[in-house]
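# this one's sequence-less:
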């Protein structure tokens, strides 16, 4: 009888470790992407918080910097 109780207790303990934690939506306040970063990895001359400048940098990157078809030799 004691072993059955111990086995059941052990099983309940092991199963309780598999419980997923609740995920609360909207608990973190995200900043807009154009808000900038405090590190030195941004493009020189770009100021954080300027949405128009941010959109221009994305366009420039998409056309020249990250497009391998334009950079690859024919």
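Thanks, I have the structure now. This is a predicted model, so every value here is computed, not measured. Numbers count the residues shown, from 1 in each chain.

# hey, let's count contacts and neighbours off CA atoms from now on
OK.

# What is the burial count for residue 54?
Residues lying near residue 54 (other CA atoms under 10 Å) number 18.

# no, scratch that, I was asking about residue 57
Residue 57 has 15 nearby residues by other CA under 10 Å.

# tell me the secondary structure for it?
helix (DSSP: H, G, I helix; E, B strand; the rest coil).

# can you list the weak-confidence ranges in this protein?
Counting by pLDDT under 70, the ranges of the chain that qualify are 26-28, 38, 65-74.

# okay, which residue is most central for it?
residue 30 (10.6 Å; CA atoms, centre = their mean).

# OK, contacts around that residue?
Not one residue lies near residue 30 by CA atoms under 8 Å, 6 or more residues apart in numbering.

# Show the backbone phi and psi for it.
Per-residue torsions, residue 30: phi -90, psi 150 (degrees, to the nearest 10).
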